[in-house]
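Engineer: fold the following for me, if possible:
(one chain, ligands or ions: 1)
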Amino acid sequence: MCVLEVEAAKPKILSLCHEVAEHENMVWVCDGAANVGQVGHEVGVLLTNLGKARMCCITAVAASSKPHLEIAERAKKNIVINGCANRCASKVFENAGEKIDYEIVISKYLKKVPTLDIYMGDVKKIAQTIIEEAKL
Ligand code: SF4
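Structural biologist: I've put the predicted structure just below:
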């Protein structure tokens, strides 16, 4: 899909994270620049659009943004998605002293490759695994 098509589509407006944190499973993705990181990003988008979770800004947690730290504290569940065994997203949470209710390392399921081209089949498979294991 090209940028113009994205701009033409009506956006799905989400609830604000800080208004719904207690009632939502918040999903935090590493968004790494490899297939596994980008699959993780799309899994976060898919879980959000399915109403299973709400994606929130993990970079803001790493930057010690007070509102985002509070969202992580108040979340019903924190679902943390790492692309690979470096576990950058989980380390952000650990360094911030925030609880992790469920974490996944996508490279356990999918070989890490230096490409940004990903497949929706992989995204759906990982999303289904998270839904089952984290009981979303
Ligand atoms: S966990 Fe892996 S893929 Fe994700 S940001 Fe860190 S190094 Fe990149």
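Engineer: how about the residues of this protein by the ligand?
Structural biologist: Cys30, Gly32, Ala34, Val36, Gly37, Asn82, Gly83, Cys84, Asn86, Arg87, Cys88 (CB under 6 Å from any ligand atom). Any C-beta I mention is one placed from the backbone N, CA and C, and that applies to glycine too.
Engineer: can you tell me which of the residues you listed are buried?
Structural biologist: Among the residues of the chain next to the ligand, those buried by neighbour count (16 or more other CB atoms under 10 Å) are Cys30, Gly32, Ala34, Val36, Gly37, Asn82, Gly83, Cys84, Arg87, Cys88.
Engineer: what's the farthest-apart pair in those?
Structural biologist: Pairwise distances across those peak at 14.0 Å for Ala34 and Arg87 (criterion: CB to CB).
Engineer: re the thing from before, between the buried ones among the residues of the chain next to the ligand, which is nearest Leu14?
Structural biologist: Checking those one by one against Leu14 (CB to CB), the nearest turns out to be Cys30, at 20.3 Å.
Engineer: tell me which helix or strand comes right after the worst-scoring helix or strand of the chain on mean pLDDT.
Structural biologist: Lowest by mean pLDDT, DSSP states H and E among the helices and strands of the chain is helix 3-8, with a mean of 58. Next in sequence after helix 3-8, counting helices and strands by DSSP states H and E, comes helix 17-20.
Engineer: which elements pack onto that following helix?
Structural biologist: helix 66-74 (3 or more CB pairs under 8 Å, 6 or more residues apart in numbering; DSSP states H and E).
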